[in-house]
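Chemist: Have a look at this prediction, sequence included:
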Amino acid sequence: MSSELEKQFTLSQLAEIVDAEVVGDSNTLVTGISTLQTAKKGDLSFLANPAYEKFLKETNASVVILSQSSAESCPCAALVVKNPYLAYATLSHYFAHTLTESKGTHSTAVVHETAVVDASAVIAANAVIEKGAVIGANVVIGAGCFIGENAVVAEQTRLYANVSVYHGVSIGKRCIIHSGAVLGADGFGIAPGSDGWNKIAQIGGVVVGDDVEIGANTTIDRGALDNTVIECGAKLDNQIQIAHNVVVGENTAIAACSGIAGSTRIGKNCILGGGCGIAGHLDITDNVHLTGMTLVTKSIKKPGVYSSGTAVEPNAQWRRNVVRFRQLDELANRVKKLEKDTK
Amino acid sequence: MSSELEKQFTLSQLAEIVDAEVVGDSNTLVTGISTLQTAKKGDLSFLANPAYEKFLKETNASVVILSQSSAESCPCAALVVKNPYLAYATLSHYFAHTLTESKGTHSTAVVHETAVVDASAVIAANAVIEKGAVIGANVVIGAGCFIGENAVVAEQTRLYANVSVYHGVSIGKRCIIHSGAVLGADGFGIAPGSDGWNKIAQIGGVVVGDDVEIGANTTIDRGALDNTVIECGAKLDNQIQIAHNVVVGENTAIAACSGIAGSTRIGKNCILGGGCGIAGHLDITDNVHLTGMTLVTKSIKKPGVYSSGTAVEPNAQWRRNVVRFRQLDELANRVKKLEKDTK
Amino acid sequence: MSSELEKQFTLSQLAEIVDAEVVGDSNTLVTGISTLQTAKKGDLSFLANPAYEKFLKETNASVVILSQSSAESCPCAALVVKNPYLAYATLSHYFAHTLTESKGTHSTAVVHETAVVDASAVIAANAVIEKGAVIGANVVIGAGCFIGENAVVAEQTRLYANVSVYHGVSIGKRCIIHSGAVLGADGFGIAPGSDGWNKIAQIGGVVVGDDVEIGANTTIDRGALDNTVIECGAKLDNQIQIAHNVVVGENTAIAACSGIAGSTRIGKNCILGGGCGIAGHLDITDNVHLTGMTLVTKSIKKPGVYSSGTAVEPNAQWRRNVVRFRQLDELANRVKKLEKDTK
């Protein structure tokens, strides 16, 4: 990814942004950003993970963001900060590609006459905005997006191409919604009857708070009666499934491919690894951390790190252990008997 | 979600629809539907799960659907039925938001001249209907949908926005297909050769029966030679993957994020929890129930409830147990030896 | 799936294509392709898996592709080859439905004036091609696709309907990308700060090599600084998640619903079963095979077959074993004590 327009900053400009101590020539010019291993002259890099310290002394970067403890080993200029990862996060945006946005509503977009679209919003080609929808200031609706009846997209939120937002869904400010995400499809509500399944109308909505990011092809179903809620600052990766009436708490981050079943409440500041599954109607308290592919079938009331599953091993060995797992209860009983017999 | 047009029914009208016994004033007006906890005056609510009985006596609902056994504790009017959940399912549709459908084919839709579109069908903005496709009576094709060559969508079926239907796929009557679903993409058929993988043309189709619901971003691949089949009344949640030549039996319900590998046949009236995986070329008989995240690698010949995996536990404890799992076969052998030695 | 135009080949024509020995009348006409069980007169079939040998003697096929060892049992003409599955793969394409492609750019497609579209490329209805994008010779961009700024799609690659390609993504030659796939969405890069998560700009790209197939609704995130890379000949099934800076090696095949976390490198010629999860920052060497739903949390340095998880069992039995799993470390310690006591 090279952007056409060269970005250019002096070391002192960057230092000011992240309140860093400058080591080296404060006029050093920075024109790009890279990892320590791939950096070239003119690049800014960073050292946040001790595992990468070994790459520091041979980097070709012109400036490295790092903490005091690594400053001495740095072969080039440095920005010394308390939290290098956070400083990198902040400065990364100064080197990002800026998309060339057209202004206003593209001639091929289809906007219902009753929709309210702020004059500063961008509605890209072939997007469809239905009756009564409200599009706030500086919102960008990507190409091919669908915004259903009475849906609301608040200011400064960006939807990338081909996002589907059903009727009545409400999205907060400064959100980022990636391609293929679907907000507000019907929850999986079916009641068994004598002649098969009977659909339950999904009458609730989806309410997404401010500063939420929703990854590509993630799906968030509308509620059955009440709303499904994604609270402010929550971050959802790709291909996540949020069922009807789930609540995802403030600043909770969920990695890709996780699924949360209906009516479960996840607290604030939780972190879910990839591929986790949480059963329905549970309560997960604040500050819970699940490692990857953990299955949760009971509520979790104490903060902490939780896991399930077994770890990878060679298949031949695994096959034997799996057979033993199915005999585990019996094995435990045999051990109990042995203990009794040897007493 | 509030709809613009107020719905309004008397208790006796609702009772007639679900053949309920009325307790209380049969002229009670009902204008909305809510959970017991959030209901307000004018709302209909329901009690189907004993866990929610505690909310009954303090509900502000005007009418509650419930069974005879709970009727006495009800603080308001009631609809007494044998199956409250089913009655709720039926009545929920009377309170659902009705989308404002435009009529006919939107001017921006692209419909091939050889496609046959019933005069009562709705083709929304920017939908694309290819050569020879057939769209039945009262079908709704959402904005941005793609209907491939010779595909068939039978009467009263609704596709929400941005659904992709490949060539030759056949969808039955009264189906609901949610946004982002993909029907008829190539199955994962590859044959190893001396220079890498060789693609196998996927020549079969996808046949979806009547009354099937398919969730957002669910994918159903076309068959390699024969068809992939979803039988009538099956209900598929979001983000499910159905591989080529799978057969999903009548009225089987599959929760989100499950994946079924190629050529597996799932019987009728099965229920799969979320995140299940079934290997290829297996036979799952009727009335099998898999709990969430179960992995199936052998055919299941007896109806019943099946599971795999381990349950969530604190990470520190889990780490120790996971190590022991890898030694399980050895542990079992040691117990066997102990038993011999202590005889 | 029946195509309008009948395909027709003689046995000798087919034999020449796959360099097969003909058994029977070399003028036998072949007009279709089917499994042994469903074949009718005029059909070509194949026998590659011994489990299907039982269907050979009663097949109604006119010609069967098989190996020397099965030739004698064949009731009809045969194409004898060393690798029947590979010969079937090759010949399958002669019987595939040929889509009726319009030529050139559809009038409803929106192509930026600076985009470079080869004259032989097809840009279908309502596709959007952004500024500076490059579309090579004989490329097909399906209906409703989005091709972002400066993205490159090389010759003979086909994108089915509704694919989203973000800015700067590069796709090689002869690739196939299925509907709903998203290439180049932001990686899940967030840094914790005092007031919640801080987004890290995702500045890297996605580079897809030649001859890659990407399944429906699969997502491949752009890199944080360097690129995410899918090497030549890799085959990705549906609903796969590839996180930022992952490298998928040449000819590696990944089955549906698998997820690979950030910065992990997968070697060449690996095979991942469905629903696998690989944690971030790991190295998986060449020729590793993971069985379905395996979780990998450590690098794998030796080729071979690996697994994790437990196998399906009746729920009542599983519940007991799961409880024992949580006591496994303790059980192992008790066995150790017993061994000591009985010495």
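Modeler: Nice, I can see it. Remember, predicted model here, so these are calculated numbers, not experimental data.
Chemist: And for the host helix or strand of residue A:317, what's in contact with it?
Modeler: Secondary structure assignment for residue A:317, by DSSP states H and E: helix A:315-326. By CB atoms under 8 Å, 6 or more residues apart in numbering or on different chains, the residues outside helix A:315-326 that reach it are A:310, A:313, A:331, B:325-326, B:328-329, B:331-332, C:289, C:291, C:304-311, C:313, C:317, C:321, C:325. Using the backbone N, CA and C atoms, a C-beta is placed for each residue, glycine as well.
Chemist: and if we set it to 7 Å?
Modeler: Helix A:315-326 has contacts (CB atoms under 7 Å, 6 or more residues apart in numbering or on different chains) with B:325-326, B:328-329, B:332, C:291, C:305-308, C:310-311, C:313, C:321.
Chemist: tell me the phi and psi of residue A:329?
Modeler: Recorded main-chain torsions at residue A:329 are phi -60, psi -40, according to degrees, to the nearest 10.
Chemist: what separates it from residue C:315, distance-wise?
Modeler: Distance, residue A:329 to residue C:315, by CB to CB, to the nearest Å: 13 Å.
Chemist: still on that earlier bit, chain center to the helix holding residue A:317, what's the gap?
Modeler: Mean-position distance between helix A:315-326 and its chain equals 36 Å (CA atoms, centre = their mean, to the nearest Å).
Chemist: If you count neighbours, what's buried in it?
Modeler: Neighbour-count burial for helix A:315-326, counted by 16 or more other CB atoms under 10 Å in any protein chain shown, picks out A:315, A:317-319, A:321-322, A:324-326.
Chemist: Just the CA atoms of it, as PDB, please.
Modeler: The C-alpha coordinates for helix A:315-326 follow below in PDB (Å, rounded to 0.1, in the frame of the first residue of the first chain):
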ATOM      1  CA  ASN A 315      -3.400 -37.200  15.700                       C
ATOM      2  CA  ALA A 316      -2.300 -40.800  16.600                       C
ATOM      3  CA  GLN A 317      -1.800 -39.800  20.200                       C
ATOM      4  CA  TRP A 318      -5.000 -37.700  20.200                       C
ATOM      5  CA  ARG A 319      -7.100 -40.700  19.000                       C
ATOM      6  CA  ARG A 320      -6.000 -42.700  22.000                       C
ATOM      7  CA  ASN A 321      -6.700 -39.900  24.400                       C
ATOM      8  CA  VAL A 322     -10.100 -39.200  22.900                       C
ATOM      9  CA  VAL A 323     -11.100 -42.800  23.500                       C
ATOM     10  CA  ARG A 324      -9.900 -42.400  27.100                       C
ATOM     11  CA  PHE A 325     -11.900 -39.200  27.500                       C
ATOM     12  CA  ARG A 326     -15.000 -41.200  26.800                       C
END
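Chemist: That one versus helix B:315-326: what angle between them?
Modeler: Angle of helix A:315-326 versus helix B:315-326, following axes from the mean of the first three to the mean of the last three CA atoms, to 10 degrees, is 110 degrees.
Chemist: can you count the residues close to residue A:50?
Modeler: 9 (other CB atoms under 10 Å in any protein chain shown).
Chemist: Next up, the contacts around it.
Modeler: Contacts of residue A:50 were listed using CB under 7 Å, 6+ apart, and none were found.
Chemist: Could you check the pLDDT of it?
Modeler: Per-residue confidence (pLDDT) for residue A:50: 90.
Chemist: any idea how far it lies from chain C?
Modeler: According to CB to the nearest CB, to the nearest Å, residue A:50 and chain C sit 13 Å apart.
Chemist: For that residue, what are phi and psi?
Modeler: Dihedral pair for residue A:50: phi -50, psi -30, per degrees, to the nearest 10.
Chemist: Over to residue A:55?
Modeler: Note on residue A:55: its backbone torsions stand at phi -90, psi -10 [degrees, to the nearest 10].
Chemist: Surely it touches residue A:36?
Modeler: Yes. Counting by CB atoms under 7 Å, residue A:55 touches residue A:36, with 3.9 Å between them.
Chemist: more crowded one of these two?
Modeler: Neighbours of residue A:55 and residue A:36, each counted by other CB under 10 Å, are more numerous for residue A:36; the result is 22 against 17.
Chemist: Quick one: low-confidence residue ranges for chain A.
Modeler: For chain A, the stretches flagged by pLDDT under 70 are A:1-5.
Chemist: 50 instead, please
Modeler: Scanning chain A for pLDDT under 50 picks out the ranges A:1-4.
Chemist: And it, what are its domain boundaries?
Modeler: According to automatic domain parsing, chain A comprises the domains A:9-95, A:110-306, A:314-343.
Chemist: secondary structure class for the spatially closest residue to residue A:215 that is not a sequence neighbour?
Modeler: Once flanking residues are discounted, residue A:215 sits nearest to residue A:238: 3.6 Å by CB to CB, 6 or more residues apart in numbering or on different chains. For residue A:238, the secondary structure call by DSSP: H, G, I helix; E, B strand; the rest coil comes out as coil.
Chemist: Which of the contacts of helix A:315-326 fall in helices?
Modeler: Judged by DSSP state H, the contacts of helix A:315-326 include B:325-326, B:328-329, B:332, C:321 as members of helices.
Chemist: Which members of the residues you listed are the farthest-apart pair?
Modeler: For these, the farthest-apart pair by CB to CB is B:326 and C:321; their separation is 16.1 Å.
Chemist: Please name the residues that touch residue A:92.
Modeler: Residue A:92 makes contact with A:33, C:200-201, C:203 under the criterion CB under 7 Å, 6+ apart.
Chemist: and it, how far is that from residue A:206?
Modeler: Using CB to CB, one obtains 30 Å as the distance from residue A:92 to residue A:206.
Chemist: Same question for residue A:340.
Modeler: Distance from residue A:340 to residue A:206, counting by CB to CB: 58 Å.
Chemist: out of these two, which sits in the busier spot?
Modeler: A side-by-side neighbour count of residue A:340 and residue A:206, using other CB under 10 Å, places residue A:206 first with 27 against 8.
Chemist: tell me the contacts of that one?
Modeler: With contacts defined as CB under 7 Å, 6+ apart, residue A:206 is in contact with A:169, A:183-184, A:220, A:222, A:227-228.
Chemist: again, only this time at 8 Å
Modeler: Counting by CB under 8 Å, 6+ apart, residue A:206 has contacts A:166, A:169-170, A:183-184, A:220-223, A:227-230.
Chemist: Now, these that are in strands?
Modeler: Members of those lying in strands (criterion: DSSP state E): A:170, A:183, A:220, A:228-230.
Chemist: Name the nearest of these relative to chain C.
Modeler: Chain C lies nearest to residue A:230 out of these, by CB to the nearest CB, at 13.5 Å.
Chemist: how about the closest one, what does it touch?
Modeler: Counting by CB under 8 Å, 6+ apart, residue A:230 has contacts A:206-209, A:212, A:214, A:220, A:236, A:242, A:248.
Chemist: Which pair of those spans the longest distance?
Modeler: Comparing every pair within the contacts of residue A:230 by CB to CB identifies A:207 and A:236 as the most remote, at 14.2 Å.
Chemist: Looking at these two, which is more packed in?
Modeler: Using other CB under 10 Å as the criterion, residue A:207 and residue A:236 rank with residue A:236 on top: 27 against 21.
Chemist: Can you list the buried residues in stretch A:298-314?
Modeler: For stretch A:298-314, by 16+ other CB under 10 Å, it's A:300, A:305-313.
Chemist: With distance to residue C:195 added, can I get these in a markdown table?
Modeler: Shown next, in a markdown table, are the buried residues of stretch A:298-314 (distance: CB to CB, whole Å):
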| residue | distance to residue C:195 |
| --- | --- |
| A:300 | 25 |
| A:305 | 23 |
| A:306 | 26 |
| A:307 | 29 |
| A:308 | 32 |
| A:309 | 34 |
| A:310 | 38 |
| A:311 | 36 |
| A:312 | 38 |
| A:313 | 42 |
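Chemist: Quick check: which of those residues are also close to chain B?
Modeler: Among the buried residues of stretch A:298-314, the residues that sit close to chain B (CB under 8 Å from any CB of the partner chain) are A:300, A:305-311, A:313.
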